[in-house]
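Asks: Got a predicted model here, sequence first, then my questions.
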Amino acid sequence: MDTNSSKCLALATIVWMPHILVDENAKYPKIVGGTMLEVFEIFARHLNICYRHHMVKDQTAGYKLPNGSWTGAAGEVLRGEADMSGLGLAVTNDRFADFSFSEFLYQDEFTATYIRPTSEADFSGFIKGFTPLVWIWIIITTVAFTTAMFFVLLATEKIHEHRNVRPKKSNGALLEESWLWTLAPLLAQGVERKVTGESVRVITLLWLFVTFIVTTVYRSSLLSLLVLPTMRLPFNNLEELAESDLPVWMPAGSSVDIASKLAPKDSSLGRIQKNFKDSSGPPDVPAAVRTLAKGGHVLVAPRSAVLQITHGLFSKIGKCTTYVMAEGFMKTFLQSLLFRKGSPLKAKFDPMILRLREAGILSHVFNKGVINATECLKSIKTEETSQARALNLKDFLSTFIIYVGGIALAVPAFITEVLLHRFRRQRSTKRRPDFVATSGIK
């Protein structure tokens with residue numbers, strides 16, 4: 001085809017953000033913007049061509065049917081209804097076999113986006129004041145101090161036994177006192193018993209100093225954990241997405257849709273197909289974005305499209321309402337213009353694309369279209385440390401449970417002690433008259 005003729009090129013075009021943007025309120029897709037409009041204006045000026053975008057009926061890039069025909073934009077190009085694609089399409093094996101592709105415009109990968117989680121109370125936050133290793137060392141130190149305290153008390157009793165200073169204490173009483181002096185300071189409780197003996201005072205003061213440091217650091221760390229928000233991401237990679245069983249939307253007939261159907265059923269890519277919300281008719285991208293913003297489904301698309309969605313939502317609302325998972329999949333696929341085999345247009349466009357890409361113009365045009373997405377790509381963990389939140393009842397739920405559990409254990413122990421005390425008094429009362437009577441006979 002002579003590009004200098006009066007006939008304008010027909011471009012098979014589909015909605016693909018940020019490259020082709022349409023009016024969300026129009027019944028039929030009406031192009032209102034996109035990076036490819038600016039790129040094709042550059043093509044038109046330097047190649048001296050005219051063009052018109054032709055919106056594909058089924059709004060898919062196109063896939064090969066069992067009878068050898070093609071659907072979507074690829075089908076219209078193959079049948080001659082369009083001269084080329086109006087935007088870069090993913091280069092797949094099937095498409096590469098039946099069509100010609102230009103120099104690549106962009107490199108891309110597939111990813112997923114979902115509604116951004118809100119900050120919530122961390123139920124297990126009370127154990128996160130220290131790392132597991134620190135907790136292990138605290139337990140080991142506590143047991144070691146209890147053992148040391150017991151042997152010091154035992155040695156002190158031996159000394160008092162020789163001096164006949166006071167009645168001898170049993171080993172059980174010494175062990176009880178050791179645990180009391182160990183656990184009470186850790187739980188910030190007072191001990192009413194007096195410490196006797198220089199060696200006992202030295203080891204007790206040493207333990208009090210250690211527990212003072214530990215409990216002070218723990219309180220500070222616990223307070224910071226309660227005040228700072230905690231966010232749990234539903235998924236952050238493809239494996240977690242497959243395990244989440246969240247409903248998934250992706251463009252029907254896209255390369256990721258086809259790849260997920262061909263993938264093994266037990267693979268991560270194959271498992272997300274069962275959650276795919278298929279719909280009849282052309283993919284309604286604006287409706288899919290609105291449902292995403294409400295948390296209705298996960299949206300799987302090329303990263304470039306996801307960035308445009310993030311950019312658009314941030315521009316409307318002024319804050320990040322979605323997040324993009326950290327790890328992409330089907331990485332580094334190429335987006336290239338699609339032609340019929342042997343089309344002379346390829347030789348015209350390739351040098352122009354190569355110059356624009358190497359000069360950074362294509363990247364510049366793309367980055368302008370998604371500039372507001374940068375703020376929402378920051379790590380959510382980094383965002384957590386930037387602001388505090390008000391405490392709510394859930395923040396103290398774990399503490400209440402521990403308190404109630406302690407009361408539940410203390411009440412039976414108290415009742416048991418009272419009953420044992422009464423039982424011992426009754427036994428001693430029964431024995432006393434016999435003793436008096438015997439004493440009287442003598």
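Replies: Cool, got the structure. These numbers come from a predicted model, not from an experiment.
Asks: The biggest strand by length in the chain packs against which elements?
Replies: Assignment by DSSP state E gives strand 99-115 as the longest strand of the chain. Contacts defined by 3 or more CB pairs under 8 Å, 6 or more residues apart in numbering; DSSP states H and E place strand 99-115 against helix 72-79, helix 285-293, strand 298-302, helix 303-317, strand 322-324, strand 329-340, helix 345-358, helix 361-369. C-beta here means a position set from N, CA and C on the backbone, and glycine is covered the same way.
Asks: Can you list the buried residues in the last one?
Replies: Read that as helix 361-369. Leu362, Val365, Phe366, Gly369 (16 or more other CB atoms under 10 Å).
Asks: My guess is the third one contacts Tyr106. True?
Replies: Yes - with contacts counted by CB atoms under 8 Å, Phe366 reaches Tyr106, the gap being 6.7 Å.
Asks: Spit out the residues that contact those two alike.
Replies: Ser304 (CB atoms under 8 Å, 6 or more residues apart in numbering).
Asks: if we can go back for a sec, ok, then the element right after the longest strand of the chain?
Replies: helix 132-163 (DSSP states H and E).
Asks: from the middle of its chain, how far away would that next one be?
Replies: Here helix 132-163 is found 45 Å from its chain centre; the criterion is CA atoms, centre = their mean, to the nearest Å.
Asks: Any regions of the stretch 201-350 of the chain where pLDDT drops low?
Replies: 221-231, 253, 278-283 (pLDDT under 70).
Asks: now do 90
Replies: 201-296, 300-334 (pLDDT under 90).
Asks: Next: the stretch 1-150 of the chain.
Replies: In the stretch 1-150 of the chain (pLDDT under 90), the answer is 1-8, 14-35, 54-66, 68, 71-72, 90-94, 107-112, 115-139, 141-150.
Asks: can you tell me which two in the buried residues of helix 361-369 are farthest apart?
Replies: Largest separation among those by CB to CB: Leu362 and Gly369, giving 11.3 Å.
Asks: What separation do you get for Asn171 and Val152?
Replies: Using CB to CB, to the nearest Å, Asn171 is found at 13 Å from Val152.
Asks: higher neighbour count, the two?
Replies: Val152 (18 against 11; other CB atoms under 10 Å).
Asks: Would you check that that one makes contact with Ile203?
Replies: Yes - between Val152 and Ile203 there is a contact under CB under 8 Å: 5.6 Å.
Asks: ok so, going back, list the residues that contact both of Leu362 and Gly369?
Replies: If you check Leu362 and Gly369 against CB under 8 Å, 6+ apart, no residue is contacted by both.
Asks: Hmm, Thr71 and Tyr63 touching each other?
Replies: Yes - applying CB under 8 Å as the test, Tyr63 and Thr71 come out as touching, 5.9 Å apart.
Asks: host element of Phe423?
Replies: helix 397-441.
Asks: pLDDT of that helix, averaged?
Replies: Regarding helix 397-441, the rounded mean pLDDT is 71.
Asks: cool, stretch 354-363 as well?
Replies: Averaging pLDDT along stretch 354-363 yields 92.
Asks: quick one: terminal-to-terminal distance for that stretch?
Replies: Length of stretch 354-363, first residue to last, CA to CA, to the nearest Å: 12 Å.
Asks: May I see the buried residues of that stretch?
Replies: Quick answer for stretch 354-363 (16+ other CB under 10 Å): Leu356, Leu362.
Asks: quick one: contacts of that stretch?
Replies: Val39, Ile42, Glu103, Phe104, Leu105, Tyr106, Ile353.
Asks: Return a ChimeraX selection command for the buried portion of those.
Replies: Only the buried members of these end up in this ChimeraX selection, burial being decided by 16+ other CB under 10 Å:
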select :39,103,104,105,106,353
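Asks: For the contacts of stretch 354-363, which two are the farthest from each other?
Replies: Ile42 and Phe104 (16.5 Å).
Asks: Name the nearest residue to Thr141, sequence neighbours excluded.
Replies: Val210 (7.4 Å; CB to CB, 6 or more residues apart in numbering).
Asks: ok, how many other residues are close to that neighbour?
Replies: By other CB under 10 Å, neighbour count at Val210 equals 16.
Asks: Quick one: name whatever helix or strand follows the helix or strand hosting it.
Replies: Using DSSP H and E, Val210 sits within helix 198-227. Note on helix 198-227: by DSSP H and E, the next helix or strand toward the C-terminus is helix 238-244.
Asks: so what secondary structure elements neighbour the helix or strand following that following helix?
Replies: Next along the chain after helix 238-244, taking DSSP H and E as the criterion, comes strand 248-249. Strand 248-249 sits against helix 285-293, strand 298-302, with contacts defined as 3+ CB pairs under 8 Å, 6+ apart.
Asks: in the longest one, what counts as buried?
Replies: Neighbour-count burial for helix 285-293, counted by 16+ other CB under 10 Å, picks out Val285, Pro286, Ala288, Val289, Thr291, Leu292, Ala293.
Asks: Please apply the same query to stretch 237-250.
Replies: Asn237, Leu238, Leu241, Ala242, Ser244, Leu246, Val248, Trp249, Met250.
Asks: contacting residues around it?
Replies: 112, 114, 234-235, 256-257, 260, 268-269, 271-272, 275-277, 288, 291-292, 296-301, 325-327, 329.
Asks: Now list the buried members of those.
Replies: Among the contacts of stretch 237-250, those classed as buried by 16+ other CB under 10 Å are 112, 114, 234-235, 256-257, 260, 268-269, 271-272, 275-276, 288, 291-292, 296-301, 325, 329.
Asks: and Thr291, what does it touch?
Replies: With CB under 8 Å, 6+ apart, Thr291 has these contacts: Trp249, His297.
Asks: separation between it and Pro117?
Replies: Using CB to CB, Thr291 is found at 17 Å from Pro117.
Asks: quick revisit: now render the helices and strands packed on strand 99-115 as TSV, adding distance to Asp23.
Replies: What follows is the helices and strands packed on strand 99-115, written out as TSV (distance: least, CB to CB, whole Å):
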stretch	distance to Asp23
helix 72-79	20
helix 285-293	9
strand 298-302	20
helix 303-317	13
strand 322-324	22
strand 329-340	24
helix 345-358	28
helix 361-369	17
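Asks: The spatially most central residue of the chain and Val214: what is the separation?
Replies: Nearest to the mean C-alpha position of the chain, by CA atoms, centre = their mean, lies Leu233 at 2.4 Å. Remark: distance between Leu233 and Val214 (CB to CB) = 32 Å.
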